[in-house]
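Undergrad: predicted coordinates and the sequence they were generated for:
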Amino acid sequence: MNNLKLSLPKYMQVTCRRVLFLLFFYFLTRVHFLIWNWELYSRHSLGSLLKPFFLGLRFDLSALLFINIPFLLFWFCIYFCWPYFLSAFNFKIQEKIKRGEQCPASSSKRMLVVEKGLFVCVNGFFLGLNIADSEFSKFIGKRLSSEYFLLHQDVEQHLLSIFWTYRYLLIQWFLLLGLLYYFYPSDSEEKKHTVPDLTFKSLSFFKKCFEVLLWFTLIILGMRGGIQLKPLHPMDAFFNSHHELGLLTTNTPFNLIKSRPNEEVNTTRYFKEDREPILNLKNANILTRPPLGTFKEYNVVVIIVESLSLEYTGAANDYPGYTPFLDQLAKKSLFFPHHFANARRSIDGVPAVLCGIPALMAESLLTTSFSNNRLECLPKVLREQGYSSYFLHGAKNGSMRFDTFSHIAGFDNFIGLDQYPKNNREDFDPYWGVADEPMLQYAIQVMDRAPKPAFLSVFTLSSHHPYFIPKHLRGRFKKGTLEIHESIGYADYALQQFFLTAQTKPWFHNTIFVITADHTQKTDQKKYQNVLGYYRVPLLIHVPQETENKIKLQKISPFDEGRIVQQIDIMPSLLDWLGVENKKRFLLGQSTFDLNKSPKAYIAVDGYWILDDKNLVYFDRKEINSEVFTHNNTYDLVLQKISQQEIKKMSLVEYLLSAAHYFNMGMINNTLYDWEKEIKY
């Protein structure tokens, strides 16, 4: 009894040591994420911040077990199976075994050196993704997922620029690789084992079989995240409505492993029949009067400025901002300070503005099979009214698939880098394509020769990383406190030059100009560091001479600049002003000029969020952690103590579920615009 030892087999010891070793490094990268994004977490208590570290262990263990499957099998073979394989081919060892002597677990030190190198490289790569995501998540508000590999060409084009800009992260990654290699838990003990008798009749045979079966069962449970009914999912990281705590709980390797490019749309049916949600949306959003037609047959120019957060403007804030021209133009325009993007990515924001389609899927519409669905976007609807249409984006053709999207949306013409004139090298930046000022000036030339009426949309790019500014303008704009601020100043300057040139054109005074953004970007202002702040983008609607006289305009087209507006409201609002009755319209979104309708805004991030003039509701798709907040004019969110049952009974939640049901079923069945069939008796 005194000699009895409870010890794990060698392969279990080695595996446990190295798993614990990796868990410590995942802990370090989580600390890195916390510190790097401290502006998101500074308002949370210590207890709130410790919880993601505790819950995150499941995600870390699952990720590292998936990643290290080859090594797990290798360790099992080298410390358990190797002596038997070796003895079959080595006569000297066969003789040792017959004499009951010990034999080496491996006869090659070189093999173990190679194994160590591969272990460090593979795990170092995935840990490096955690480090990179500390910065990348600031841009998109989520962890990296597999869908971004569908856009790998865009990343490859700018890889050197990205590495140079974030070289300090590279240095940190190299330091981590060094620590990983130096402290790698090698098997310091002499790697020798006695080969027991494992013939079928021996007791050792059954014991070892049970031992191995139990070991691999534990590994599988670790990979799936426990014994719960369904395997661990990225959504499980978001244990409350604080999105940033969910980002801290999960890790990027787990997100990549668990996300799938074909994970497209939620198939949950929230209503037995499609008719009920359709009627709810029809009553809430469709005009109950004829379209206003205030500016019938006017030209339309929609300018989508890359990453123009409301936070960067002076017009919406009590500080100067970085957009002096837009701030002045806002005084002569309808300016909506409570306008919200429906997405955090360009590939989602552009369809929201031009097609009225919100980002309610796990993957972007443009990268799914649903991109082949029927879409009734602004250019397609306006074509039936005799409009010519143009979409301009200065990046290389194929970037974000906007060239393909322009055709799906119904644009007659797409102008990208390939179509842009190449006679002036100074028009181009070395990273993306055509800089903002020359592209906007070229847009004026396109409008000059376009058959009227015309619809033209420009999506700018200079305020995208690496924030290129032409040489002759460097030092002209405020540097600001974030690296994007100076390029926002350049984008604002480009808009100023656009309007200075455009106002000399004959088509200028009968044109509706819309200026907005695709999504927000980095933030350093506290009031924007919450779920609503991450989606606040400006919206200006300018009609020369008309919007300057707001008293006169109010009489012919009632409006409320303090109203809640969202990107998907832009299309129905423009059609209302143009006097276009769109009978087969998309049921989400409403004209902001229909003051009889209750305004709403919604987004999908780790569940569904919906905002009206009183409440912000987070609806957890599992119906476990739904929450309700009151707000003061869309600011100062206050969490309310309401049960899950009461939340589900709220009329705002019924509307939200109607929207989700209609969108999901419409996407799956390609019937988004055929809703009238459902409401006919």
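TA: On my side now, so go ahead. Numbers count the residues shown, from 1 in each chain.

Undergrad: the closest residue to His393 other than its chain neighbours bridge partners, please.
TA: Leaving aside its chain neighbours, His393 sits nearest to Phe459 (4.4 Å; criterion: C-beta to C-beta, 6 or more residues apart in numbering). Glycine gets a C-beta too; all of them are placed from N, C-alpha and C. Following DSSP bridges, Phe459 is listed with bridge partners Ile304, His393.

Undergrad: neighbours around Phe459, how many?
TA: 23 (other C-beta atoms under 10 Å).

Undergrad: just checking, which helix or strand of the protein averages the lowest pLDDT?
TA: Least confident helix or strand of the chain, by mean pLDDT, DSSP states H and E, is strand 192-193 with a mean of 47.

Undergrad: contact partners for the residue nearest to His393?
TA: Phe459 is in contact with Ile304, Glu306, Ser346, Val350, Phe391, Leu392, His393, Phe402, Asp518, counting by C-beta atoms under 8 Å, 6 or more residues apart in numbering.

Undergrad: can you do 10 Å?
TA: Residues in contact with Phe459 (C-beta atoms under 10 Å, 6 or more residues apart in numbering) are 302-306, 346, 349-350, 353-354, 391-395, 400, 402, 439, 518.

Undergrad: and stretch 365-379, what's buried?
TA: Under the neighbour-count criterion of 16 or more other C-beta atoms under 10 Å, stretch 365-379 has Leu365, Leu366, Thr367, Thr368, Phe370, Asn373, Leu375, Glu376, Cys377, Leu378, Pro379 buried.

Undergrad: once you drop chain neighbours, what's closest to the residue nearest in space to the middle of the chain?
TA: Nearest to the geometric centre of the chain sits Ile140, at 4.5 Å (C-alpha atoms, centre = their mean). With sequence-adjacent residues excluded and distances taken as C-beta to C-beta, 6+ apart, Ile140 is closest to Arg344, at 5.1 Å.

Undergrad: just Gly394 next, same as before
TA: Nearest non-adjacent residue to Gly394, counting by C-beta to C-beta, 6+ apart: Val434, 3.0 Å away.

Undergrad: what helix or strand is the closest residue to Asn596 other than its chain neighbours on?
TA: Closest residue to Asn596 apart from its sequence neighbours, by C-beta to C-beta, 6+ apart: Thr288 at 6.6 Å. Under DSSP states H and E, no helix or strand contains Thr288.

Undergrad: now do the same contact list for Thr288.
TA: Asp594, Asn596, Lys597.

Undergrad: report pLDDT for Ile304.
TA: In the prediction, the pLDDT value recorded for Ile304 is 98.

Undergrad: any idea how far Thr504 is from it?
TA: Distance from Ile304 to Thr504, counting by C-beta to C-beta, to the nearest Å: 24 Å.

Undergrad: okay, these two: which has more neighbours?
TA: Here Ile304 and Thr504 are compared on neighbour count by other C-beta under 10 Å; more neighbours surround Ile304, at 24 against 8.

Undergrad: wait, isn't Phe76 in contact with Asn68?
TA: No - when contacts are counted by C-beta atoms under 10 Å, Phe76 is not listed as touching Asn68 (11.7 Å).

Undergrad: touching both of these two, which residues are there?
TA: Common neighbours of Phe76 and Asn68 (criterion: C-beta under 10 Å, 6+ apart): Thr15, Ile219.

Undergrad: quick one: mean pLDDT for whichever strand or helix holds Leu49?
TA: Using DSSP H and E, the element containing Leu49 is helix 46-67. Computed over helix 46-67, the mean pLDDT rounds to 94.

Undergrad: got the buried residues for that helix?
TA: 51-52, 55-56, 58-67.

Undergrad: thinking again about what came up before, what about the residue nearest to the centre of the chain, distance to Ile35?
TA: According to C-beta to C-beta, Ile140 stands 20 Å off from Ile35.

Undergrad: next: Thr671.
TA: Look at Thr671 and Ile35: by C-beta to C-beta, they are 48 Å apart.

Undergrad: out of the two, which sits in the busier spot?
TA: Neighbours were counted for Thr671 and for Ile35 using other C-beta under 10 Å; Thr671 has more, 17 against 10.

Undergrad: who's in contact with the residue nearest to the more buried one when sequence neighbours are not counted?
TA: Computed as C-beta to C-beta, 6+ apart, the closest residue to Thr671 that is not its neighbour in sequence is Met665, at 7.2 Å. Contact analysis of Met665 by C-beta under 10 Å, 6+ apart lists Val265, Thr267, Thr268, Arg269, Tyr270, Phe271, Asp274, Pro277, Ile278, Thr671, Leu672, Glu678.
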